[in-house]
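[1] Quick one: sequence plus predicted model below, questions after.
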Amino acid sequence: MKNSNLENTITKADYKVKDPKVKQLTKALLKLKTEQEIANFLRDLLTSPEIEEFANRLEIAKLLLTGKSYLKIAQETGASTTTVTRVAQWLFRGCGGYWKVLHP
């Protein structure tokens, strides 16, 4: 499936932030302007394995957009097929976050 066709299959629903701590986190992210600032914040906030897991999920979403099978993506990334399925769910029926950062 080409990216132009994929865009038509994606449903988006805005995530309503209710927790004040989550709102504080989203506002903190808005303050970051450079790749280095974001990298520094992520490293202060998360462990290295957590950062790697988030990066892996982004790679999974990217591979899903190429049309590769879930099994092939799981093999290439070392993720479980459950994780690939979960990423696909959020990519195609989530809030549009993956699409926003991966769409050219």
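    Yep, that arrived. Numbering: from 1, shown residues only.

[2] From here on, just use CA atoms for contacts and neighbour counts.
    Fine.

[3] Would you map the helices across the protein?
    3-9, 20-30, 35-45, 48-65, 70-77, 81-93, 97-102 (DSSP state H).

[4] Format these as a markdown table; extra columns: mean pLDDT and mean neighbour count.
    Supplementary listing: those in a markdown table, determined by pLDDT from 0 to 100; neighbours: other C-alpha atoms under 10 Å:
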| stretch | mean pLDDT | mean neighbour count |
| --- | --- | --- |
| helix 3-9 | 56 | 11 |
| helix 20-30 | 96 | 11 |
| helix 35-45 | 98 | 12 |
| helix 48-65 | 98 | 16 |
| helix 70-77 | 98 | 16 |
| helix 81-93 | 96 | 17 |
| helix 97-102 | 93 | 14 |
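
[5] how about residue 43, what does it touch?
    With contact set as C-alpha atoms under 8 Å, 6 or more residues apart in numbering, residue 43 has these partners: residue 51.

[6] For it, give its distance to residue 89.
    Spatial separation of residue 43 from residue 89 under the definition C-alpha to C-alpha, to the nearest Å is 27 Å.
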